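**Student:** Got a predicted structure here, sequence first:
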Amino acid sequence: MRLDQNPVYRKVIVPWYDSEIAFLVLIVFLFVVFLFGFIGISVASESISYRSYIWVPIVLVVLSGGTILSLTFRLIRRNARLKNKQ
C-alpha cells in the first residue's frame, strides 16, 4: 500500500537553525558584533599606530550589518507569508 503523499495532518518541519528564536538570538549577537566594530573603528581612527588595521572593524561592521539585514528581511517575509495563509 502506498503512502499518501499529501495528507491533511502533515505540518512543515522547521529545522532548529531556521526558527524564529534562532534568528532573534543571532540578530542580537550580530548587533553586539556591530557595536564592537564601531567601537573598534573609533579606537583605530584615534591612534596613528592602529590606522593601518582599521579594515578589520570595518569588515566586522559590514558583514554583521549585512547579515542582520538579511535575517530581518527573511523574518518579515516569513511572517507576511504566514499571515496571508490565514
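**Tutor:** Cool, got the structure.

**Student:** How about residues contacting stretch 49-69?
**Tutor:** 26-27, 30-31, 33-34, 36-41, 43-45 (CB atoms under 8 Å, 6 or more residues apart in numbering). Glycine gets a C-beta too; all of them are placed from N, C-alpha and C.

**Student:** got it, and stretch 78-86?
**Tutor:** Contacts of stretch 78-86 (CB under 8 Å, 6+ apart): Glu20.

**Student:** Quick one: mean pLDDT over that stretch.
**Tutor:** The average pLDDT for stretch 78-86 rounds to 81.

**Student:** so how far is it off the chain centroid?
**Tutor:** 20 Å (CA atoms, centre = their mean, to the nearest Å).

**Student:** same question, stretch 60-79
**Tutor:** With CA atoms, centre = their mean, you get 4 Å for stretch 60-79.

**Student:** Buried ones among the contacts of stretch 49-69?
**Tutor:** Taking 16 or more other CB atoms under 10 Å as the criterion, what is buried in the contacts of stretch 49-69 is Ile27, Leu30, Val33, Phe34, Gly37, Gly40, Ile41, Ala44.

**Student:** Leaving out the residues flanking it, which one is nearest to the second one?
**Tutor:** Closest residue to Leu30 apart from its sequence neighbours, by CB to CB, 6 or more residues apart in numbering: Ser64 at 4.5 Å.

**Student:** Point out where this structure drops to low pLDDT.
**Tutor:** For the chain, the stretches with pLDDT under 70 are 1-12, 14, 86.

**Student:** Just the helices from it, written as ranges.
**Tutor:** 20-46, 55-85 (DSSP state H).

**Student:** Dump the ones you listed to CSV, plus distance to Ile13.
**Tutor:** Shown next, in CSV, are the helices of the chain (distance: least, CB to CB, whole Å):
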stretch, distance to Ile13
helix 20-46, 14
helix 55-85, 15
